[in-house]
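Chemist: got a structure for you, letters missing:
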């Protein structure tokens with residue numbers, strides 16, 4: 001059974017930084033990508049960043065380019081999202097997902113439980 005465990009959420013003031021982590025386990029194949037998605041209250045879930053496990057190609061939403069950085073560990077079973085220069089509009093529940101394509105939400109098969117990020121002005 002594939003499991004994703006996220007950590008690192010919290011509350012920060014605008015301009016601050018947070019680092020999210022996600023560790024995957026229970027799969028017996030090499031997944032395509034790992035990604036981070038977020039959902040704010042009353043809004044649809046959106047893609048934030050993703051990384052292709054085979055070649056480390058990264059994908060970012062325009063709203064986070066230059067501020068967020070996604071990375072993989074050497075074992076390629078964990079991903080981190082370094083979030084700098086946070087803005088109040090980054091406030092959302094952040095979800096880790098695995099085995100999808102880029103930022104295409106519907107392509108991801110497995111999801112974590114989410115970790116809350118709150119940015120105050």
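Modeler: In hand now; what should we look at? As the structure is a computational prediction, the values presented were derived from the model and not from experiment.

Chemist: just give me the neighbour total for the spatially closest residue to residue 85 that is not a sequence neighbour.
Modeler: In this structure, residue 85 finds its nearest non-sequential neighbour in residue 67, 4.6 Å apart by CB to CB, 6 or more residues apart in numbering. Quick note: C-beta positions are derived from backbone N, CA and C, even for glycine. The local packing of residue 67 (other CB atoms under 10 Å) involves 15 other residues.

Chemist: check contacts around residue 67.
Modeler: 83, 84, 85, 86 (CB atoms under 8 Å, 6 or more residues apart in numbering).

Chemist: redo that, cut-off 10 Å
Modeler: Neighbouring residues of residue 67 by CB atoms under 10 Å, 6 or more residues apart in numbering: 17, 60, 82, 83, 84, 85, 86, 87, 90.

Chemist: could you provide these in JSON lines, with additional columns for secondary structure?
Modeler: Shown next, in JSON lines, are those (DSSP: H, G, I helix; E, B strand; the rest coil):
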{"residue": "17", "secondary structure": "coil"}
{"residue": "60", "secondary structure": "strand"}
{"residue": "82", "secondary structure": "strand"}
{"residue": "83", "secondary structure": "strand"}
{"residue": "84", "secondary structure": "coil"}
{"residue": "85", "secondary structure": "coil"}
{"residue": "86", "secondary structure": "coil"}
{"residue": "87", "secondary structure": "coil"}
{"residue": "90", "secondary structure": "helix"}
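
Chemist: list only those of these flagged as buried.
Modeler: Buried by 16 or more other CB atoms under 10 Å: 60, 82, 83, 86, 90, out of those.
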